[in-house]
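Participant: take this sequence and fold it.
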Amino acid sequence: MATKQSDSNKNEDELKLLISRLNHRLQKISEGGGKEKIEKEHSKGKMTARERVAYLLDKGQNAIELGALAGYKMYEEYGGCPAAGVIVTIGMVSGKQCIIVANDATVKAGAWFPIAGKKNLRAQEIAMENRLPIIYLVDSAGVFLPLQDEIFPDKENFGRIFRNNAVLSSKGIPQIAAIMGSCVAGGAYLPIMSDESIIVDKTGSIFLAGSYLVKAAIGEDIDNETLGGATTHSEISGVIDYKAKDDKEALDIIKDIIDKIGSYTPAGFSRVKAKIPKKDPKDIYSIIPSDRTKPYDMYEIIDRLIDDSKLTEYKAGYGKSLICGYARIDGWAVGIVANQRTLVKTKTGEMRFGGVIYSDSADKATRFIMNCNQKKIPLLFLQDVTGFMVGSRSEHGGIIKDGAKMVNAVSNSVVPKFTVVIGNSYGAGNYAMCGKAYDPRLIVAWPSARIAVMGGEQAAKVLLQIEVSRLKAKGEKITPEKETELLDEIKNKYDDQTSPYYAAARLWIDAIIDPLETRNWISSGIHMANHAQIENDFNLGVIQT
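Facilitator: A predicted model of the protein is given here:
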């Protein structure tokens, strides 16, 4: 018992340390380009991007920020790009849930890095999937020219944003834009392709080419304000719909517009009055092992995430390496698919590894996912998976066939899917448990997460063999000491790439969150998903039975 208590304390200390590091990094990121740049914006009479978002949001209502870690430790040769230079938040504005996209002018004057384009596209994807009104707070110097080849021409690059503007409009999804600083070149299309646009007098400007480029191109002498300022576009060109005296008035106009939007037809996901979990969610800190190779009971995690700690389990005695069951989170009905991380014993006496998906587990999950689609219940995947079971017994038993059925069901599911990466997320297990490639409406990770094609130890040994063979082919002699040095170097690099921060920086996940924030994220996610009715029938296509 003393050992268990000692392990529990160690687990809690380790996870709280990880959360402390996360909060420290998020605090630093929230400063954008730094205090001097913030003061410079204030001296112009402008609010910062985060101040604008905070002013827009209804007070006392929950909001979630997506992609705060986007760009983390990227573009360091250019001075970095905190939060990808753009703030994306889902929250309530005038009583309606919206997604807000705000350029951060303190970061390279709001210039678009490649990851900024990807983040903006993610925001528009969420707006389209969930029929959420989207608000753009524009303050950007345009494409970051040193990296123009990585953001300009491809399908998932900058130009896709304006294509999405058009598609959103065709679907009747409201788009409101406020020009609160620079808006130049191709970027000028975004606010004008929105439903309604606002410009701030003296600080907002919009044109395809600024005064210097106009002078170089056609020899015309003109200042930026006359060329494309608030008065020009609200009184002469008619490009802009509303002129505001300052940032706050522009944001107040947005609030007024959102306030008048009519109600939506909900998808009809079941919700009742919320109940807090019977088991204290804070216990999660002591349950997750500090040593990721150690087992733990996923039921103990689930009990601390769901309302009243009540799970109606599906096929409880079958396929025990996956837990499937119905529950509620903040009143919303959910179907949970979770990896069991303890060793489980079958009725035949076979002991099975925790975190591994076996044939019977995949078969059970496939049927459960079908049931959730039949009953219109959103799906929640709790990932701590090392992959599918390997070896002759599994292969002869048809593990590929059963795994393919599960992947098929996840792929074709029409109810909203949400994914929380708790621990490992390796290989095909990532796919079957609804990784980013399988269109979860939101995907987040706890600080304890790891995402990779395989675990660090196994991958490092495989990569070591490849590297040693390469060096030997070049005639180099590999001593045991050199081999150990190579292994450490490879493992350190691989561990960095499996970190949740590496994933969050590249938007493979939407956020790294404190486990105690999980209920809020899932509730906010289902709330937004409830804006969009399910339009397609669930169809698995051709599968092997």
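Participant: so in the chain, which helix runs the longest?
Facilitator: Of all segments of type helix in the chain, defined using DSSP state H, the longest is helix 2-30.
Participant: any idea of the mean pLDDT in the following helix or strand past it?
Facilitator: Helices and strands here follow DSSP states H and E; after helix 2-30, the next one along the chain is helix 35-43. Helix 35-43 shows an average pLDDT of 96 in the prediction.
Participant: helix, strand or coil: sort out Ile135 for me.
Facilitator: In the three-state summary, Ile135 is assigned as strand, counting by DSSP: H, G, I helix; E, B strand; the rest coil.
Participant: hmm, it is touching Ile176, no?
Facilitator: Yes. Contact criterion Cβ atoms under 8 Å: Ile135 and Ile176 qualify, at 5.1 Å. C-beta coordinates here come from the backbone N, C-alpha and C atoms, glycine included.
Participant: what touches both of the two?
Facilitator: Ile254, Ile258 (Cβ atoms under 8 Å, 6 or more residues apart in numbering).
Participant: next, count neighbours for Ile369.
Facilitator: 27 (other Cβ atoms under 10 Å).
Participant: so after the helix or strand where it lies, what's the next helix or strand?
Facilitator: If you go by DSSP H and E, Ile369 is part of helix 359-375. Downstream of helix 359-375, the first helix or strand assigned by DSSP H and E is strand 379-385.
Participant: what's in contact with stretch 138-153?
Facilitator: With Cβ under 8 Å, 6+ apart, stretch 138-153 has contacts from 46, 49, 75, 78, 102-105, 108-114, 116-117, 157-159, 177-187, 190-191.
Participant: kindly check the end-to-end length of it for me.
Facilitator: Terminal residues of stretch 138-153 are spaced 22 Å apart (Cα to Cα, to the nearest Å).
Participant: for that stretch, the distance to its chain's centre please.
Facilitator: Relative to the centre of its chain, stretch 138-153 is centred 22 Å away, using Cα atoms, centre = their mean, to the nearest Å.
Participant: go through that stretch and flag the buried ones.
Facilitator: Using 16 or more other Cβ atoms under 10 Å as the test for burial, stretch 138-153 gives Val138, Asp139, Ser140, Ala141, Gly142, Val143, Phe144, Leu147, Glu150, Ile151, Phe152.
Participant: can you check stretch 23-38 too?
Facilitator: Arg25, Leu26, Ile29, Gly32, Gly33, Lys37, Ile38.
Participant: can you report how many residues lie near the residue nearest to Ser524 when sequence neighbours are not counted?
Facilitator: Of all residues not flanking Ser524 in the chain, Ile64 sits nearest, at 5.2 Å (Cβ to Cβ, 6 or more residues apart in numbering). As a burial measure, Ile64 scores 21 neighbours (other Cβ under 10 Å).
Participant: please apply the same query to Gly95.
Facilitator: Using other Cβ under 10 Å, Gly95 has 11 neighbouring residues.
Participant: quick one, what contacts it?
Facilitator: Gly95 makes contacts with Asp58, Asp259, as judged by Cβ under 8 Å, 6+ apart.
Participant: returning to what we had before: pLDDT of the longest helix of the chain, averaged?
Facilitator: pLDDT averaged over helix 2-30 gives 91.
Participant: from now on call the first residue 50
Facilitator: Got it, first residue is 50 now, which makes that one helix 51-79.
Participant: flag every buried residue along it.
Facilitator: Result for helix 51-79 [16+ other Cβ under 10 Å]: buried residues Asp56, Asn60, Glu61, Glu63, Leu64, Leu67, Ile68, Leu71, Arg74, Leu75, Ile78.
Participant: would you list the residues you listed in CSV and tack on distance to Arg171?
Facilitator: Output for the buried residues of helix 51-79, formatted as CSV (distance: Cβ to Cβ, whole Å):
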residue, distance to Arg171
Asp56, 38
Asn60, 33
Glu61, 33
Glu63, 31
Leu64, 27
Leu67, 25
Ile68, 24
Leu71, 20
Arg74, 20
Leu75, 18
Ile78, 17
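Participant: hang on, the earlier thing: got the CA coordinates for the helix holding Ile418 in PDB?
Facilitator: Taking Å, rounded to 0.1, in the frame of the first residue of the first chain, the C-alpha atoms of helix 408-424 are listed here in PDB:
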ATOM      1  CA  SER A 408      -9.200  -8.500 -33.200                       C
ATOM      2  CA  ASP A 409     -12.200  -8.900 -30.800                       C
ATOM      3  CA  SER A 410     -11.700  -5.300 -29.500                       C
ATOM      4  CA  ALA A 411     -11.700  -3.900 -33.000                       C
ATOM      5  CA  ASP A 412     -14.800  -5.900 -33.900                       C
ATOM      6  CA  LYS A 413     -16.600  -4.600 -30.800                       C
ATOM      7  CA  ALA A 414     -15.600  -1.000 -31.500                       C
ATOM      8  CA  THR A 415     -16.800  -1.200 -35.100                       C
ATOM      9  CA  ARG A 416     -20.200  -2.400 -34.000                       C
ATOM     10  CA  PHE A 417     -20.400   0.300 -31.200                       C
ATOM     11  CA  ILE A 418     -19.400   3.100 -33.700                       C
ATOM     12  CA  MET A 419     -22.200   1.800 -36.000                       C
ATOM     13  CA  ASN A 420     -24.700   2.000 -33.100                       C
ATOM     14  CA  CYS A 421     -23.700   5.500 -32.200                       C
ATOM     15  CA  ASN A 422     -24.300   6.600 -35.800                       C
ATOM     16  CA  GLN A 423     -27.600   4.800 -35.700                       C
ATOM     17  CA  LYS A 424     -28.600   6.700 -32.600                       C
END
